[in-house]
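*Asks:* Model the following, please.
(chains A, B and C)
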Amino acid sequence: MELLMFYGFGLLALFAGVAMILSRQPVTSALLMILNMFCLSALYALLDAHLIAVLQLLVYAGAIMVLVLFVIMLLNLREKKGIITKHQASLQVVGVAAFGFFVMTVVSRLNTAALPKSKAASAGFGTVEAVGRILFTDYVLPFEIASVLLLAAIVGAVMLAKSKV
Amino acid sequence: MPITIPPIDLLAVAPEIAVSGFACLLLMTAVFLKGKGGWVNACVALVGLAVAGWFALCQGAPRSAYSGMYAADGFTQFFKIIFLLGTGLVVLVSVKYNEEENMNNGEYYALLLFSTAGMMLMAAASDMMTLFLGLELLSISLYVLAGYARNRPGSNEAALKYFLLGGFAVGFLLYGMAMIYGATGHTDFAGIGREAARGADNRLYLVVGAVMLLTGLGFKVAAVPFHQWTPDVYEGAPIPVTAFMSAGPKAAVLAVMIRVYAQSVSFMHVDWLVWLSVLAVMTMTVGNVAALVQSDAKRMLAFSSISHAGYAMVGLAAATREAVASVAVYMLVYTLMNIAVFGILALVARKNEQRTKMRDFAGLARSNPVLAVSMTILVFSLAGIPPMAGFMAKFYVLMAAVKAGLYWLVLAAVLNSAVGIYYYLRFTVHMYMDEPEEKLPPVKASPALVVAIALSIIGVLLIGVVPSAYLEMAGRAVVSF
Amino acid sequence: MKLNQYLPVLIMTLAAIGTAAGMILLTSIIGPKKKFDDKMEPFECGVSPIANPKSRFSVRFYIIAMLFILFDIEAVFLFPWAAVYRSLGMFGFAEMLVFIVVLGVGLGYIWKKGALEWE
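*Replies:* Coordinates of the predicted model:
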């Protein structure tokens, strides 16, 4: 059952991702991206990473997608016929082929490599509490740096986007 | 299940706390003084840097803090001092520039301090988590600073290009980190090293991860072939910001490379060496050759900074203790001289950065002889002409590489230095032998800029004449590794 | 935490999709379809549109959305903290205090800067 759900959400995520790139309408792309984020969140839940799954929905599918839609409306792109020259198209094909080859190599090696057997997640793994336990003890420093990082980002957003400073 | 409270080593991160705290203070002065008080802001920033420097100096015995995420050792200390010095010089260079360009002051210095905190965290990081957060703190502040001259299209372009490409590069970095974590199950460098030495089962993943990590770091240090953003961003960003970007962040990334390499030595010794050597040669050569044909001084200095990263990477490839010490001294010297050169350029460029061409230096020897002599000393140092510090720094790096047996790498570096002399001397030729195209009032340095230039010239001469003292200092710093 | 605890979420999702899709499907099947010119025109509350809807959005939306994300991320950190607050005690309180104060500086900054005002 779990495996079935994994493949189901995985395929749906793949489909949404590819369709997002292929879609000509920016808003359609954005909506497909939400679908993609949702599937990723489901995959996280399947991996027992419960907090991450919720955050994925809250931050990515929620807040960041709002921003993406605002930017789409801000730019207000007119629909344009993309002109791709033969040269560019062939470059793209070569690029995709090369990357595909790379991924295939890596993935094929994965199966042969003796991977350590994944331990069954301990009880309570990935819950909000488990993350809290480690975040506020071992990861105090990164946690506090994150606040400074957010502060720098706030200043940056104001400095670059505010009409009068 | 009770939670054990981890020990909090405040003294180790005191410099970062000081710098961030003063940055917060600057944000407050920015909104309460409302654009007035450029001097006040600069002074607050300088005091903050001084306090941080003092904390860095009395850091205490080498130790690891925060569950092995943060290394408070001599190496960290040495680099922290470099960053603080560099940022201090940039603040001095910025005072008059910001006033003339009417750039908002408080946030500017606050962002400078934030990125300094990021650099210090990078140098101290002994875990990929700290490394990543430090790098992001540095990068985000730099993206904003690059676009700080909001009314200049070039500056906007610089910010956008830097941001898009930087974000892409960080993606590589993060993916590489994930691969390494997947292969070893560790995020701390020591653990990764141990696991890799044990002969990890997933060597391929380790290698792919390491290549991606190197790609991300290579972007930040502007190593060829990840350098394409550099000329445009350096050209578009305000001159003091360019000065800042070209010095501190480079040193920070090099510090990270040294630490990743040194703490995870067994991290595929051979491959790493070959990659670094190839990167170093490409970086030196492309940087120098491209610098030859530039007519814009800012662009030329951008390419020259690329080539300097290449020289430093020669020392990285050698990877002996001696080489690491010489790279640290190289970054110190480079920071001193490069920021001062940009300071002089900011002066010559005049309002709105309209004169950043090489030939705009024409006639400087007559209109402001002291400035011309200073510039000559600094570019001689950049070119690596004895007895300036630039020569000694390069000399020690190359000596270390010779001892490590990297003869062909040294040969490439020497040939490149010869090419470099040509384009650096073009400044001198313009200043002393050319007539200016139009009559302009002579440029006059502000007191702050005079202090900055004087400090760096004293530093350049001092390190040039008695380099051994500094090398010993760096050597001591590296021993604690 | 067992995976089957997600079952309600899954059922809810399917129910939501089912309801939405069902309504659209039903109306398109049973609803009358008479197309004439007036009906096919876009309209605004019953009157013909005055302005082109494809106008640019103000950049002010963007900055507010941006700030929202940043504070949203901050809020996210509060969840795991609240979950372990009792076992962390004063230490956890001090940690979060530092975190909040740093971001409080940010809030004070944007407030005084007027970034929250619709200028």
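*Asks:* can you tell me how far the residue most central in space within chain A sits from chain B?
*Replies:* The centroid of chain A falls nearest to residue A:37 when counting by CA atoms, centre = their mean (6.4 Å). As judged by CB to the nearest CB, to the nearest Å, residue A:37 and chain B stand 17 Å apart. For glycine as for every other residue, the C-beta is placed from the backbone atoms N, C-alpha and C.
*Asks:* Hmm, residue A:56 and that residue touching each other?
*Replies:* Yes. Applying CB atoms under 8 Å as the test, residue A:37 and residue A:56 come out as touching, 6.2 Å apart.
*Asks:* Just give me the neighbour total for the residue in chain A that chain C sits nearest to.
*Replies:* Nearest residue of chain A to chain C: residue A:132, at 3.3 Å (CB to the nearest CB). Using other CB atoms under 10 Å in any protein chain shown, residue A:132 has 24 neighbouring residues.
*Asks:* host element of it?
*Replies:* In this assignment (DSSP states H and E), residue A:132 forms part of helix A:128-135.
*Asks:* which other helices and strands contact that helix?
*Replies:* Judged by 3 or more CB pairs under 8 Å, 6 or more residues apart in numbering or on different chains; DSSP states H and E, helix A:128-135 is in contact with helix A:50-55, helix C:59-88.
*Asks:* OK, contacts around the closest residue to residue A:62 other than its chain neighbours?
*Replies:* Once flanking residues are discounted, residue A:62 sits nearest to residue C:72: 7.6 Å by CB to CB, 6 or more residues apart in numbering or on different chains. Shown in contact with residue C:72 (CB atoms under 8 Å, 6 or more residues apart in numbering or on different chains): A:58, A:59, A:62, A:63.
*Asks:* Could you tell me which residues of chain C lie near chain B?
*Replies:* Counting by CB under 8 Å from any CB of the partner chain, chain C comes close to chain B at C:84, C:87, C:88, C:91, C:102, C:105, C:106, C:108, C:109, C:112, C:113.
*Asks:* Please report how far residue C:101 lies from residue B:33.
*Replies:* Distance of residue C:101 to residue B:33, computed by CB to CB, to the nearest Å: 22 Å.
*Asks:* residues of whatever helix or strand residue B:454 lives in that come out buried?
*Replies:* Using DSSP H and E, residue B:454 falls within helix B:447-465. For helix B:447-465, a neighbour-count test (16 or more other CB atoms under 10 Å in any protein chain shown) marks B:448-453, B:455-457, B:459-460, B:463-464 as buried.
*Asks:* again, but for stretch B:143-152
*Replies:* B:143, B:144, B:145, B:146, B:147, B:148, B:149, B:150, B:152.
*Asks:* ok, of those, which one's closest to chain A?
*Replies:* residue B:144 (3.8 Å).
*Asks:* That closest one contacts residue A:160, correct?
*Replies:* Yes. Assessed by CB under 8 Å, residue B:144 is found in contact with residue A:160 at 6.0 Å.
*Asks:* between those two, what contacts are shared?
*Replies:* Counting by CB under 8 Å, 6+ apart, the residues touching both residue B:144 and residue A:160 are residue B:159.
*Asks:* Can you give me the neighbour number for the residue in chain C positioned nearest to chain B?
*Replies:* Residue of chain C nearest chain B, by CB to the nearest CB: residue C:112 (3.8 Å). Neighbourhood size, residue C:112 [other CB under 10 Å]: 15.
*Asks:* Not counting residues beside it along the chain, what's closest to residue A:73?
*Replies:* residue C:57 (4.1 Å).
*Asks:* typo on my end, it should be residue B:451
*Replies:* Among residues not flanking residue B:451 along the chain, residue B:92 sits closest, at 5.7 Å (CB to CB, 6+ apart).
*Asks:* Next up, the contacts around that neighbour.
*Replies:* With the criterion set at CB under 8 Å, 6+ apart, residue B:92 makes contact with B:42, B:46, B:343, B:448, B:449, B:451, B:452, B:455.
*Asks:* correct me, but the last one touches residue B:93?
*Replies:* No. With contact defined as CB under 8 Å, residue B:455 and residue B:93 do not form a contacting pair (10.9 Å).
*Asks:* For residue B:127, give me its contacts.
*Replies:* Contacts of residue B:127 by CB under 8 Å, 6+ apart are B:68, B:69, B:70, B:187, B:188, B:189.
*Asks:* Turn these into CSV, including pLDDT, neighbour count and secondary structure.
*Replies:* Shown next, in CSV, are the contacts of residue B:127 (pLDDT from 0 to 100; neighbours: other CB atoms under 10 Å in any protein chain shown; DSSP: H, G, I helix; E, B strand; the rest coil):
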residue, pLDDT, neighbour count, secondary structure
B:68, 86, 17, coil
B:69, 90, 25, coil
B:70, 92, 23, strand
B:187, 89, 19, coil
B:188, 88, 22, strand
B:189, 87, 25, helix
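*Asks:* wait, which of those residues is closest to chain C?
*Replies:* residue B:69 (14.9 Å).
*Asks:* so how far is residue B:216 from the closest one?
*Replies:* Relative to residue B:216, and taking CB to CB, residue B:69 is found at 19 Å.
*Asks:* Ok, residue B:143 next?
*Replies:* When distance is defined by CB to CB, residue B:143 is 15 Å away from residue B:216.
*Asks:* what does residue C:66 give?
*Replies:* Taking CB to CB, one finds residue C:66 at 25 Å from residue B:216.
*Asks:* And residue B:65, its phi and psi?
*Replies:* phi -130, psi 170 (degrees, to the nearest 10).
*Asks:* For burial, what's the neighbour tally of it?
*Replies:* By other CB under 10 Å, neighbour count at residue B:65 equals 20.
*Asks:* beta partners for it?
*Replies:* When assigned by DSSP bridges, residue B:65 has beta-bridge partners residue B:70.
*Asks:* Which stretches in chain B count as strands?
*Replies:* B:63-65, B:70-72 (DSSP state E).
*Asks:* now do chain A
*Replies:* Under DSSP E, chain A gives no strands.
*Asks:* That one - how does it break down into domains?
*Replies:* In terms of domains, chain A is parsed into A:1-77, A:84-112, A:124-165 (source: automatic domain parsing).
*Asks:* Chain C: helices as residue ranges?
*Replies:* C:7-30, C:37-40, C:59-88, C:90-113 (DSSP state H).
*Asks:* Point out the residues in chain B that sit beside chain C.
*Replies:* So chain B meets chain C at B:1, B:2, B:3, B:5, B:20, B:24, B:27, B:28, B:30, B:31, B:32 (CB under 8 Å from any CB).
*Asks:* My read is that the last one contacts residue C:111, right?
*Replies:* In other words, residue B:32. No. At 12.0 Å, residue B:32 does not count as touching residue C:111 under the criterion of CB under 8 Å.
*Asks:* shared neighbours, the two?
*Replies:* With CB under 8 Å, 6+ apart as the test, residue B:32 and residue C:111 reach no residue in common.
*Asks:* Chain A contacts on the stretch 101-250 of chain B?
*Replies:* Counting by CB under 8 Å from any CB, the stretch 101-250 of chain B sits next to chain A at B:104, B:107, B:110-111, B:114-115, B:117, B:121, B:129-130, B:133-134, B:136-137, B:140-141, B:143-144, B:147-148, B:150, B:159, B:185, B:201-202, B:204-205, B:208.
*Asks:* Just the buried ones from those residues?
*Replies:* The neighbour-count test (16+ other CB under 10 Å) applied to these identifies B:104, B:107, B:110-111, B:114-115, B:117, B:121, B:129-130, B:133-134, B:136-137, B:140-141, B:143-144, B:147-148, B:150, B:159, B:202, B:204-205, B:208 as buried.
*Asks:* Between residue C:66 and residue B:216, which is the more surrounded one?
*Replies:* residue B:216 (25 against 21).
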